[in-house]
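In: starting from these lines, generate the structure:
(8 chains)
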8 protein chains.
Amino acid sequence: MQIPTLSKRARVLTGAAAAAAVAAGAFGAVSATASPAAGQQTPVRAVVGKSLNQSTHLSLAAATKAAQGALAAAQKEGQKVSVAVVDRNGNTLVTLRGDGAGPQSYESAVRKGFTAVSWNAPTSELVKRLQSAPNLKDIPGTLFLPGGAPVQAQGAPVAGIGVAGAPSGDLDEKFAQAGVAALG
Amino acid sequence: MQIPTLSKRARVLTGAAAAAAVAAGAFGAVSATASPAAGQQTPVRAVVGKSLNQSTHLSLAAATKAAQGALAAAQKEGQKVSVAVVDRNGNTLVTLRGDGAGPQSYESAVRKGFTAVSWNAPTSELVKRLQSAPNLKDIPGTLFLPGGAPVQAQGAPVAGIGVAGAPSGDLDEKFAQAGVAALG
Amino acid sequence: MQIPTLSKRARVLTGAAAAAAVAAGAFGAVSATASPAAGQQTPVRAVVGKSLNQSTHLSLAAATKAAQGALAAAQKEGQKVSVAVVDRNGNTLVTLRGDGAGPQSYESAVRKGFTAVSWNAPTSELVKRLQSAPNLKDIPGTLFLPGGAPVQAQGAPVAGIGVAGAPSGDLDEKFAQAGVAALG
Amino acid sequence: MQIPTLSKRARVLTGAAAAAAVAAGAFGAVSATASPAAGQQTPVRAVVGKSLNQSTHLSLAAATKAAQGALAAAQKEGQKVSVAVVDRNGNTLVTLRGDGAGPQSYESAVRKGFTAVSWNAPTSELVKRLQSAPNLKDIPGTLFLPGGAPVQAQGAPVAGIGVAGAPSGDLDEKFAQAGVAALG
Amino acid sequence: MQIPTLSKRARVLTGAAAAAAVAAGAFGAVSATASPAAGQQTPVRAVVGKSLNQSTHLSLAAATKAAQGALAAAQKEGQKVSVAVVDRNGNTLVTLRGDGAGPQSYESAVRKGFTAVSWNAPTSELVKRLQSAPNLKDIPGTLFLPGGAPVQAQGAPVAGIGVAGAPSGDLDEKFAQAGVAALG
Amino acid sequence: MQIPTLSKRARVLTGAAAAAAVAAGAFGAVSATASPAAGQQTPVRAVVGKSLNQSTHLSLAAATKAAQGALAAAQKEGQKVSVAVVDRNGNTLVTLRGDGAGPQSYESAVRKGFTAVSWNAPTSELVKRLQSAPNLKDIPGTLFLPGGAPVQAQGAPVAGIGVAGAPSGDLDEKFAQAGVAALG
Amino acid sequence: MQIPTLSKRARVLTGAAAAAAVAAGAFGAVSATASPAAGQQTPVRAVVGKSLNQSTHLSLAAATKAAQGALAAAQKEGQKVSVAVVDRNGNTLVTLRGDGAGPQSYESAVRKGFTAVSWNAPTSELVKRLQSAPNLKDIPGTLFLPGGAPVQAQGAPVAGIGVAGAPSGDLDEKFAQAGVAALG
Amino acid sequence: MQIPTLSKRARVLTGAAAAAAVAAGAFGAVSATASPAAGQQTPVRAVVGKSLNQSTHLSLAAATKAAQGALAAAQKEGQKVSVAVVDRNGNTLVTLRGDGAGPQSYESAVRKGFTAVSWNAPTSELVKRLQSAPNLKDIPGTLFLPGGAPVQAQGAPVAGIGVAGAPSGDLDEKFAQAGVAALG
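Out: Below is the predicted model of the structure:
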């Protein structure tokens, strides 16, 4: 979930939060990791203040928990599925190719997750929207089949969980929702 | 730039910032935009607390300013280039296909930006790293030619600016750095 | 917009225009930029006269203005969208990934712009054409959803503006038209 | 070849040229072709004046002549080749898959043409530039092998001719140059 | 068009034809062209007799004539189109991007030609077949829109001509048929 | 292998051969297969005489025999490989994914076959050519590793056999040559 | 067919089976093939016991037999088709491009085989499922046309056979079923 | 890891194992999952006996454990990486996009895992093989950078673990090996 137009006050606060993070060493670690020789190279002018936005993401730990929650729900019912968690920026965070799941299930799961996070709704709901806008399904990366569920933070989408491989899309989506519930 | 392991305190602060943003209407707008009928659909369990990370991004306004700064620097020297700004998550934020720039310049600019933000260093520096790890250049999406510059916030990468089309990579990179400087 | 079969008279006039441009240094600059060592290399026979056509394009400055006009119209209504401007030759000139816009919006915007400039009509009109030719939507690069608007010069298409990410295609197209209007 | 920054005077002249073209029926034809029902649809604001640039292109007739000239030169020497002509905007204008030419020749010809027009130099020259910038060859769409030749108008690139399939790249390039010469 | 199961007698005859071609120098030229040093390398056992089939193809000269015939028919009616000729093996032989044709027309023409040669029927006929088998249109490389016409030799398909860019598919197909007729 | 410029006399002979094939029912079968309703549709003008070329291909039966010969040679030495046979037009005729062969072997085999038939030489020979033209290996679809062998008819290439997965390229190529030998 | 959750007892048995295979030299051969120098390199910790599953696959010999059975059935009826066999993991095992088969048939056959093995049903059955879930056909790699048949071991899918190129999908599927029958 | 040529005895044993699995309900579940209506559809002849091979795979549970082991090792050293586990058939089983890892790391991890499992060796070893066969790195799907480690069962490869994003490939590979060790 991205917060593009924070009020000035909010920005100051997150600025503080960011500073605190840096103070805690996390921030510097990013820099060191990505470019260990940053100190020696030509200095790059830092970006400050109002040019920056903060956005909220599911941590990898949480995404893994959600994916495993969805998988466990399927396994409890003897269903073989693949699971994916996709970030609000469209990047896949976690994939789990289920033992014995059909070969079509992996990419299907990724696309269901992408679709759910794109429109912030379960894909079973989104399928209905095709009645008024049938060509939505031509948008690259999407798949309009039940089995995708959005993960929300305060109503805004932060990720989508996609499940595929069960005999029906309703089952897939039940497992995806179980993945969301695992975060509660 | 992503901050994966904020201390608990930092998280609370940003939580406050996010709440402030919502109060200001921006947050709710995201929800409303993406899923106007969210109220009617099956409730989706909210994600709370420790599952969430905050990350810092260049705003689109800032990215556009940087891209235009790079382009202006090129135009001042009579050079025809294309410019791209790529986010730390690998997504392209802004592209500008220069009037009269060669057809190879557009995709080159995108890839230089991607490369700079991936390793948090100017691509002219990264070219040198190929001496010890020549196959880095086989990583999909990258281009190891001068002309890419990272945008940093407190030392961590938040975006990469890529410029292509000038007679030399050094010129391209000079213009990319001018784009970074436009954010100062 | 390309003018393939200029009358001989027209060609002479544009020949003059081109000559003027060269005299003003712009033309030579292209040559110098693209191939600074052109003077030293094996001479390449020049093309003259009737082999050449002139075509009209939106300048990058104008394309940027249009894209920002579309974005501003969306922001005024609190909508988070991505915007693209596509040339009559099918090349993307400008992209702006909106802060907080869904991950599906970027490529959607590009394809809407491509579709609008291909048929020189708003994509909301083109959607209706699918009733008689439903497979038009299978043409690579297209997307038949409202949100694309052509930019015309004397009735002929010179570019297409695509907007995506608002809750409805009608809103997307309203913002695209605002982008066109920004050029007026 | 694109002329991005025409002087105001040049623009007026080309404006006149364009008007003449419209008067001659060619321009209106473009509009009618692309959108026959343009009259009935919601009016789209026209773009005028300073937002437009003119660019010079090889006509399809000339591009075909060049491609056939290259092919004929190869046939005269008993060589089986494929030929392509690529526009300055990167679009392929003409392809000719030679009778008996190897299956690798078609795409090779297209990429050589793209490379030649991108840097406005024969690809045999461009191969030498790899000594100082070896990763130029990683730019998508390019191929750094002899056999590509630029077509220039007043020194600026308007197209590239690519030839592939002969036993040596030098032969390929000789034929490509013969294609350029056919336009003289 | 490929003749997979020639009777033994037919094979002997074509064997003679092939021998004649070799005697005339054409055959050896292929060998010499493709591998000038064939003589020095490790001998490769020759394939003889019953392992070989003969197939009939449109010559490049004929394919070019057909493409130009289609283009001329369109130009006579003031229509701006792109044209492609595709071989029975699915390879594109000739493409002509029409001056002023929309950017969607080039790939559309290629796919229409591919579709016509695949099923040996005009694409306007093939569109009707979708009533009983709607998913034929999901086969990669196809496009089910009028504008493709097969070229036949004794009833069997040897190539497909695709035209795209006119205001209606019927016009596109009329021009494609004119291309076929140019071979008569 | 394609014979583009048959002498007139050769063409007459192959015309006779083709007619004989039709009389034998094979030709008509092609037509009937591809378009069973050909009789009812708008007549399409037939192509005759000088517009047509004949080309020689490996039959599928022979290609399968060659592929199996290569596989058997590998199995005799306890090696697990994948095998592919590629036609002179670049199309893959046969693939065999070896039991236990590495996942990289399938596509490698196809590309080695493509490379061998493109230049009519074993890929071990072609690797050496990279010394003088290192960028040959950037041509799409090729792979410059030992393991590809051309199949020739009277010295001209009709197919390429590619083998991949053995511990060394020399072994791969030995097996590919065994595939060629199986046709003798 | 993959057996993901074998009971502990079953696992022990297959462990024994695997050990037997190793004792017979087959297992060691895999290791030796893939990495002949495995002995010298840094030791890699072996995986044992409960981390491993066994899955059942069609052997290449059987897959080839099935593909040839399908082809023979088509040839007996004078039909020209391409055939593919796809594994339960989605990998293509065998392809046969039929002499004279249309260029669309090769990829169609692969996708039909993929579809049949994914849902463990003939594709003619799967086409009917689109009535309730029309967007299943948007899953990447699938093709919902008759002509695909699953190969089952004890009811579970181990492969899919796809056939394409006959005048009707029913014929294609009849031949695919003949391929399955060839394994009986 | 695939065992293509099990001895007859081994096959009987695994047949017993499979039967046991079915008796335990797991097998039937596969069938029911993939095709719940299997009972009603046209019977498909079962494959029996010698047509089938058994292969050994890492379970998803084990693959997840390995991936998390690699991630934990990186986190302990404050490194931000992405991790992937790839099966011997080339399919990705698990991916974990690390919090804060560069955008290039995800696809790099997948490719390193693919490379390690393809040649059954750590990618740091495989990099050295490029000295004698430099074009190995052109095989699609591979990446020759340290950071990939094979998972072996009795010396044969069953999976590859890829790690990317740390400042050096040696670190990446150390973490990948930690992932392998987590299975011990």
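In: all strands for chain A, in order.
Out: A:2-3, A:52-58, A:82-87, A:92-96, A:148-153, A:156-164 (DSSP state E).
In: the third one to strand A:148-153, inter-axis angle?
Out: With axes from the mean of the first three to the mean of the last three Cα atoms, to 10 degrees applied, the angle from strand A:82-87 to strand A:148-153 works out at 40 degrees.
In: closest one to chain E among the strands of chain A?
Out: strand A:156-164 (19.0 Å; Cβ to the nearest Cβ). No exception for glycine: its C-beta is placed from N, CA and C like everyone else's.
In: how distant is the closest one from the center of its chain?
Out: How far strand A:156-164 lies from its chain's middle: 6 Å, per Cα atoms, centre = their mean, to the nearest Å.
In: that strand to strand A:52-58, inter-axis angle?
Out: 40 degrees.
In: now do strand A:156-164: which elements does it pack against?
Out: Using 3 or more Cβ pairs under 8 Å, 6 or more residues apart in numbering or on different chains; DSSP states H and E as the contact test, the elements touching strand A:156-164 are strand A:52-58, helix A:60-76, strand A:82-87, helix A:105-119, strand A:148-153, helix A:169-181, helix B:26-34.
In: least reliable of the strands of chain A going by mean pLDDT?
Out: Lowest mean pLDDT within the strands of chain A: strand A:2-3, at a mean of 25.
In: in chain A, which residue sits nearest chain G?
Out: Residue of chain A nearest chain G, by Cβ to the nearest Cβ: residue A:99 (2.4 Å).
In: returning to that earlier point: and residue B:70, which of the strands of chain A is closest to it?
Out: When the strands of chain A are compared by Cβ to Cβ, strand A:52-58 sits nearest residue B:70, at 18.8 Å.
In: what's that closest one packed up against?
Out: strand A:2-3, helix A:8-23, strand A:82-87, strand A:156-164, helix B:8-23, strand B:52-58.
In: that strand pairs with which strands, parallel or anti?
Out: In the sheet, strand A:52-58 lines up against strand A:2-3 (antiparallel), strand B:52-58 (antiparallel) (DSSP bridges).
In: show me what counts as buried in stretch A:69-84.
Out: A:69, A:70, A:71, A:73, A:74, A:75, A:79, A:80, A:81, A:82, A:83, A:84 (16 or more other Cβ atoms under 10 Å in any protein chain shown).
In: and that stretch, how far from the chain's centre?
Out: 18 Å.
In: output the strands paired with strand A:52-58 in a markdown table; the columns should cover mean neighbour count.
Out: Shown next, in a markdown table, are those (neighbours: other Cβ atoms under 10 Å in any protein chain shown):
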| stretch | mean neighbour count |
| --- | --- |
| strand A:2-3 | 25 |
| strand B:52-58 | 25 |
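In: spell out which parts of chain A neighbour chain G.
Out: Residues of chain A that fall close to chain G, judged by Cβ under 8 Å from any Cβ of the partner chain: A:75, A:80, A:98-100, A:102-105, A:107-108, A:111, A:127, A:130, A:137, A:143-145, A:169.
In: which of those are buried, as a PyMOL select command?
Out: Buried members of these, defined by 16+ other Cβ under 10 Å, are picked up in PyMOL with:
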select buried, chain A and resi 75+80+98+99+100+102+103+104+105+107+108+111+127+137+143+144+145+169
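In: who touches the residue nearest to residue A:129 when sequence neighbours are not counted in this structure?
Out: Closest residue to residue A:129 apart from its sequence neighbours, by Cβ to Cβ, 6 or more residues apart in numbering or on different chains: residue A:136 at 6.4 Å. Applying Cβ atoms under 8 Å, 6 or more residues apart in numbering or on different chains to residue A:136 gives the contacts A:126, A:129, A:130, A:142, A:144, C:145.
In: take the residues you listed and write them to TSV, including distance to residue G:92.
Out: Putting the contacts of residue A:136 into TSV (distance: Cβ to Cβ, whole Å) gives the following:
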residue	distance to residue G:92
A:126	32
A:129	36
A:130	32
A:142	26
A:144	27
C:145	35
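In: just put those in TSV and tack on pLDDT.
Out: Below are the contacts of residue A:136 laid out as TSV (pLDDT from 0 to 100):
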residue	pLDDT
A:126	98
A:129	97
A:130	98
A:142	98
A:144	98
C:145	98
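In: could you measure the residue lying closest to residue A:146 once chain neighbours are set aside against residue H:160, distance?
Out: Distances taken as Cβ to Cβ, 6+ apart place residue A:169 nearest to residue A:146, at 3.1 Å, with adjacent residues excluded. Distance from residue A:169 to residue H:160, counting by Cβ to Cβ, to the nearest Å: 33 Å.
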